[in-house]
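Novice: Next comes the sequence, and after it the predicted model I'd like to discuss.
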Amino acid sequence: MNIHEKDHSTPSNNRVGMTLTEKILARASNRKRVAPGEVIFVNVDILMSHDPCTPGVASVFKKEFGEEAKVWDPDRFIMIPDHFIYSADPQANQNIRVMREFAKEQGITHFYDVGTADYKGVCHIGLAEGGHTRPGEVLLGTDSHTVTAGAFGTFAIGVGITDGAYALGTGEIPLMIPPTIKVNYHGKKAKSVQAKDLILVLMKELGVEGATYNAIEFSGEVIDELSVEERMTMCNMVVECGAKNGIMIPNQATLDYLSTRTSIPFTVVTPDDNAQYSRIIDIDVTDITSVIARPHSPDNVVPIAQLENIAISQAYIGSCTGGKTADFIAAAHILFERKVTIPTYAVPATKEVFHNLITTHINGISVYEIFTRAGVKLSSEPGCAACCGGPVDTFGRVHDPISVISTTNRNFVGRMGNKGSMIYLASPYVVAATAVSGFITNPERYLTNDY
Ligand code: SF4
């Protein structure tokens, strides 16, 4: 694997241009230009909140703006329950009750309530499906993986409850302009290498604090060729190295996706040729193999060859990182006419993903059927499920101190439930191959040439 740093010193002859993030923030603050370190007020296009945070956001909003206050724009506050939704846990259900009351009281247009036809599932994928992730806009969410929407050329960041409540009342937020790290992926990747591998390689390079409060701007021919869902996987994990946001210029696949999701006009913003970056990282993907993030940190990344034959007790396919349609299809190519040998749980990120499993076929067999014939326990209840552990009755939750391989994005101690468990993060190919063998397995062993 070749990773190079490039000279990124400031050109001396003229004023530097702006990065993609800087240009969006300049537009959103009605300024001609902004520079890293400046603190400005930014107009918010979309604010999203989910079930764990909406009660807190609503409570701070009322405390600061008054019991009778109205949100700044009921069309732009998107409410998506997704974390702890199919549970008998009283606190989890109370959160959703608060969401319902607040949505009704405020006349919220987009409340994707569980148990209704509108329900989506994991908020970050639901936002995209609902056409709320538009290029050139500013999107806030009370969840750190809101950065996923950077795949659409959106400035998308996670915010805390107080910032969320402030934006809810005013439609703006104070922000310090982040410096930008540019990451250029080029070369020809092996068929077995997926977007998850590409982003884990960057996690290893940067470390969990290596991009703290920087924007990460992805570029290069490899990024241009990724599907929308693969691009979402890349941006999803930038927060694991401390980045403020991750962002890409929308490619044609992204624009095609958007054309089926929204009729709201948007402007595609691109970086200036002479933009200045805090760091430029050049990654040649040609020699990259599948990689794994070992316990207990997403940057603890090694090539799969170093871990092959480690016994695994449970596998999990799901989450905003690895529970999208493309992730299921990839896993299905490995699982086709095979059986898993360890308990394997799969949770579609959204209702639309679940529907796609039924309507998408490989060699005449639906992805849904490939999974169930393989012996995977496939949930029909989309959401975050065991990605973040959740209440004890959460589907796929890790209850014992065992080794687990997962398509999710975090492997901190206790993240999926049991504090003694060992979580290995990997691509859908690797997780499916490991589920079949029971040992960490290079998917090249199972991938056929006709796929
Ligand atoms: S799927 Fe996991 S990472 Fe994504 S929003 Fe839900 S809990 Fe967070």
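Specialist: Okay, I see it.

Novice: CA atoms for contacts and neighbours, from now on please.
Specialist: Noted.

Novice: what about residue 32, how many neighbours?
Specialist: Residue 32: 9 surrounding residues under other Cα atoms under 10 Å.

Novice: Spatially nearest residue to it, not counting backbone neighbours?
Specialist: Beyond its immediate neighbours in the sequence, the residue positioned closest to residue 32 (Cα to Cα, 6 or more residues apart in numbering) is residue 26, lying 6.1 Å away.

Novice: pLDDT score for the residue in the chain positioned nearest to the ligand?
Specialist: Closest to the ligand within the chain is residue 319: 3.6 Å, counting by Cα to the nearest ligand atom. pLDDT for residue 319: 98.

Novice: same thing with residue 71?
Specialist: On pLDDT, residue 71 comes in at 98.

Novice: do the same with residue 309
Specialist: 87.

Novice: just residue 137 next, same as before
Specialist: pLDDT, read off for residue 137, is 98.

Novice: How much space separates the spatially closest residue to it that is not a sequence neighbour from residue 420?
Specialist: Distance criterion Cα to Cα, 6+ apart; nearest residue to residue 137, sequence neighbours excluded, is residue 154 at 5.2 Å. Distance, residue 154 to residue 420, by Cα to Cα, to the nearest Å: 38 Å.

Novice: Have a look at these two and say which one is more surrounded.
Specialist: Counted by other Cα under 10 Å, residue 154 and residue 420 do not tie: residue 154 has more neighbours, with 29 against 14.

Novice: Quick check: the more buried one vs residue 227, distance?
Specialist: Residue 154 sits at a distance of 16 Å from residue 227 (criterion: Cα to Cα).

Novice: Contact partners for the residue of the chain closest to the ligand?
Specialist: Residue 319 makes contact with 122, 347, 348, 349, 383, 384, 385, 387, 407, 408, according to Cα atoms under 8 Å, 6 or more residues apart in numbering.

Novice: let's see 7 Å
Specialist: Contact partners of residue 319, counting by Cα atoms under 7 Å, 6 or more residues apart in numbering, are 349, 384, 387, 408.

Novice: what about residue 64, which helix or strand?
Specialist: helix 54-65 (DSSP states H and E).

Novice: ok, and what's touching that helix?
Specialist: 69, 95, 98, 99, 161, 162, 164, 165, 166, 169.

Novice: Flag the shaky bits of this structure, pLDDT-wise.
Specialist: 1-2, 4-14, 449-451 (pLDDT under 70).

Novice: Near the ligand, which residues of it are found?
Specialist: Within the chain, the positions lying close to the ligand (Cα under 6 Å from any ligand atom) are 83, 122, 319, 320, 384, 387, 388.

Novice: Domain ranges for the chain, per the record?
Specialist: 39-176, 178-284, 291-445 (automatic domain parsing).

Novice: OK, contacts around the residue lying closest to residue 109 once chain neighbours are set aside?
Specialist: Leaving aside its sequence neighbours, residue 109 sits nearest to residue 75 (Cα to Cα, 6+ apart; 5.2 Å). Taking Cα under 7 Å, 6+ apart, we find residue 75 in contact with 108, 109, 110.

Novice: likewise residue 196?
Specialist: Residue 196 neighbours (Cα under 7 Å, 6+ apart): 233, 234, 426, 427.

Novice: Just to be sure, it is in a strand?
Specialist: No. Counting by DSSP: H, G, I helix; E, B strand; the rest coil, residue 196 is not found in a strand; it is helix.

Novice: Could you report the distance from it to residue 265?
Specialist: 31 Å.

Novice: for residue 319, same thing?
Specialist: 29 Å.

Novice: now the strands for the stretch 101-250 of the chain?
Specialist: 138-141, 155-158, 172-176, 180-186, 215-219, 245-247 (DSSP state E, counting those that start in this stretch).

Novice: for the first one, packing partners?
Specialist: In this structure, strand 138-141 packs against strand 46-49, strand 155-158, with contacts taken as 3 or more Cα pairs under 7 Å, 6 or more residues apart in numbering; DSSP states H and E.

Novice: Name every sheet partner of the first one and say whether each one runs parallel or antiparallel.
Specialist: The strands that strand 46-49 pairs with in its sheet are strand 77-79 (parallel), strand 138-141 (parallel) (by DSSP bridges).
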